[in-house]
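S.K.: pasting the sequence and the predicted model now:
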Amino acid sequence: MDDLEAIKQLKARYFRTMDTKDWDGMRQVFTDGVVMDTTESGGGVVSGADEFMAFLRETLADVITVHHGHMPEIEVTGATTARGVWALQDLLIWPNGSRLLGFGHYHETYEKADGEWRIASSKLTRLHMDFTDPGES
């Protein structure tokens, strides 16, 4: 498998493991020192794969998520490095019925070690968000 296809499959695993809450599987898509930046979508920055997984387990434990990544723009920048941008649509549904439908992009870097690509950094940017609160009429 070539590097571009391997990175596409890596990101597909990210989306699937997030939505199925396969936290052990998801941990495998990241470098140990991954930096996850969601400041432009209302979140923060989490450094370290184990720290990010702990954050996700707590934050999304009872949230249904549906992520779709589209139109990857991937550039292999070296034998073990790459960067990419993915268009994103996601849906989050909280137990109280609140919903977030979001559109944006993931801006990422990747590193290859021991023949495997992993996400080294990810920055989520938002173009639009629709939030529905069931308590509002």
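M.R.: Done, it's in. Numbering: from 1, shown residues only.
S.K.: note down every partner strand of the lengthiest strand in the chain and its orientation.
M.R.: Counting by DSSP state E, the longest strand found in the chain is strand 116-132. Paired with strand 116-132 in the same sheet, following DSSP bridges, are strand 30-37 (parallel), strand 99-113 (antiparallel).
S.K.: and the very next helix or strand once past the shortest one, average pLDDT?
M.R.: Past strand 30-37, further along toward the C-terminus, the next helix or strand under DSSP states H and E is strand 45-47. Strand 45-47 shows a mean pLDDT of 97 in the predicted model.
S.K.: chain center to strand 45-47: distance?
M.R.: With CA atoms, centre = their mean, to the nearest Å as the basis, strand 45-47 stands 13 Å off its chain's centre.
S.K.: G84 reaches I74, doesn't it?
M.R.: Yes. The pair G84 and I74 qualifies as a contact (CB atoms under 8 Å) at a distance of 4.1 Å. Every residue, glycine included, has its C-beta placed from N, CA and C.
S.K.: the two - which one has more neighbours?
M.R.: A count of neighbours by other CB atoms under 10 Å puts G84 above the other of G84 and I74, at 22 against 19.
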